[in-house]
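> just coords:
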């Protein structure tokens, strides 16, 4: 990775792209320090500085807790992108745009932008009115509500624009890079908290050394596991028959279809976390925490990840059964999202049109059934691996009563984006290497 970055800074075009990306990210981080107008930041900060909002705070780089102008961050854009992807399956017109190539992609991106602004307005309005009724605004009046809506919406739209600029003029993956830098910004404070609790607070030097080894070992092990999970593939061989075109013989080559083990990326764990944290977040807005709830206390505790793997007593450990709900949701969303992004029928038809076939499998319906069968196995293995990566920090937190904002989901996002960004830089270096070779 460091060799790639060193080589990238030697090429002026790529160096300019890297510098532009760094400046854009600096602007993003400065924006997280600018408070939104008309909000009593101290009161709101104490309200949202809870375990229920740790995942949201992590994705926004702490902007949500600080109630800065970037409090919504790029979450409206992520939601809008997912909605548009889902609608391409349900609405034929959008499906046609999806198949039109570059022009269709531009139109879908435009729809995503409009939907992002719409969602940001709705979320901002709900928060502003909720803050006003709870007494969290400096004064609950129409102008203050509109100021909050305008600030949050403008902040989210600006981050969307910055992400797109990074994609065009930077190193690519602009939205993902902003999300990653927000998560990374929270890591130093989390590690300082871990070391203060388990190292500096240890009763002996031996315990401190063991704690250091455990923290570093778990962190490195998680990173290695996620890297392997992201890189793992199932390659399906495809052979293309020979045919004569004019005086030339084409075909006769053997290729493969790369099926990523983690076919759906981090989407399943994000969906699972969001669904399970939603009732707890609503409870927090209503000032009803899982510990104080009277109507559904056990359900809220089951859904609360901070209640899992507590071994102090059987009464607390029983809430670990919520892990089963988490695993079931993750596996379900892995199959659901992959069914949207990968169509075995379409792949089978493309192979047939190009004169190809999978060795030992007849073209047409048998190929489709074979691809679906392999895909089901791959999705299941990937979903289990994804769940394990997400659960490791949760298990550590529960067993040792550790408190930190990042988790397996954050780690998967960080590793995935960094690996993809390095690949893009390497591909740009390769293209420029061939261009230089051809011009010599």
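That came in fine, so what should we check first? Treat the numbers as computed from the prediction; the structure is a model and nothing was measured.
> The closest residue to residue 357 other than its chain neighbours in helix, strand or coil?
In this structure, residue 357 finds its nearest non-sequential neighbour in residue 363, 5.1 Å apart by C-beta to C-beta, 6 or more residues apart in numbering. Yep, even glycine has a C-beta here, placed from its N, CA and C like the rest. Following DSSP: H, G, I helix; E, B strand; the rest coil, residue 363 is assigned to coil.
> show me the contacts for residue 185.
Contact analysis of residue 185 by C-beta atoms under 8 Å, 6 or more residues apart in numbering lists 29, 32, 61-62.
> rewinding a little: so the residue nearest to residue 357 touches residue 354, yeah?
No: counting by C-beta atoms under 8 Å, residue 363 sits too far from residue 354 to count as a contact (10.6 Å).
> more crowded one of these two?
residue 363 (16 against 13; other C-beta atoms under 10 Å).
> measure the more buried one to residue 356 for me?
Using C-beta to C-beta, to the nearest Å, residue 363 is found at 8 Å from residue 356.
> mind listing the strands for this protein?
In the chain, the strands defined using DSSP state E lie at 233-240, 243-245, 248-250, 254-260, 356-357.
> that older thread, mark which of the contacts of residue 185 are buried, thanks.
Buried members of the contacts of residue 185, scored by 16 or more other C-beta atoms under 10 Å, are 29, 32, 61-62.
> quick check, nearest of those to residue 240?
Residue 240 lies nearest to residue 61 out of the buried ones among the contacts of residue 185, by C-beta to C-beta, at 47.9 Å.
> What separation do you get for that closest one and residue 392?
Counting by C-beta to C-beta, the gap from residue 61 to residue 392 is 23 Å.
> just to revisit the earlier point, rebuild the contacts of residue 185 as CSV, extending it with distance to residue 423.
As requested, the contacts of residue 185 are arranged in CSV below (distance: C-beta to C-beta, whole Å):
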residue, distance to residue 423
29, 25
32, 28
61, 24
62, 29
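> Could you identify the least confident member of the residues you listed?
Checked by pLDDT, the contacts of residue 185 have residue 61 as the lowest-scoring entry (70).
> Excluding covalently adjacent residues, which one is nearest to that residue?
Once flanking residues are discounted, residue 61 sits nearest to residue 182: 3.1 Å by C-beta to C-beta, 6+ apart.
> what about that neighbour, how many residues close to it?
Per other C-beta under 10 Å, the neighbour tally for residue 182 reads 27.
> again with residue 192
When neighbours are defined as other C-beta under 10 Å, residue 192 has 12 of them.
> just the one 3 residues further on next, same as before
Counted by other C-beta under 10 Å, the residues lying close to residue 195 total 15.
> Quick check, it in contact with residue 214.
No: at 11.5 Å, residue 195 does not count as touching residue 214 under the criterion of C-beta under 8 Å.
> can you map out the helices along the stretch 51-200 of the chain?
Here the stretch 51-200 of the chain has its helices, by DSSP state H, counting those that start in this stretch, at 54-59, 63-66, 75-90, 92-99, 102-134, 142-169, 174-184, 187-198.
> Now these in CSV, please, with extra columns for distance to residue 415 and mean pLDDT.
Compiled in CSV, the helices of the stretch 51-200 of the chain are given as follows (distance: least, C-beta to C-beta, whole Å; pLDDT from 0 to 100):
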stretch, distance to residue 415, mean pLDDT
helix 54-59, 15, 68
helix 63-66, 23, 77
helix 75-90, 18, 82
helix 92-99, 28, 81
helix 102-134, 25, 87
helix 142-169, 19, 92
helix 174-184, 9, 85
helix 187-198, 13, 75
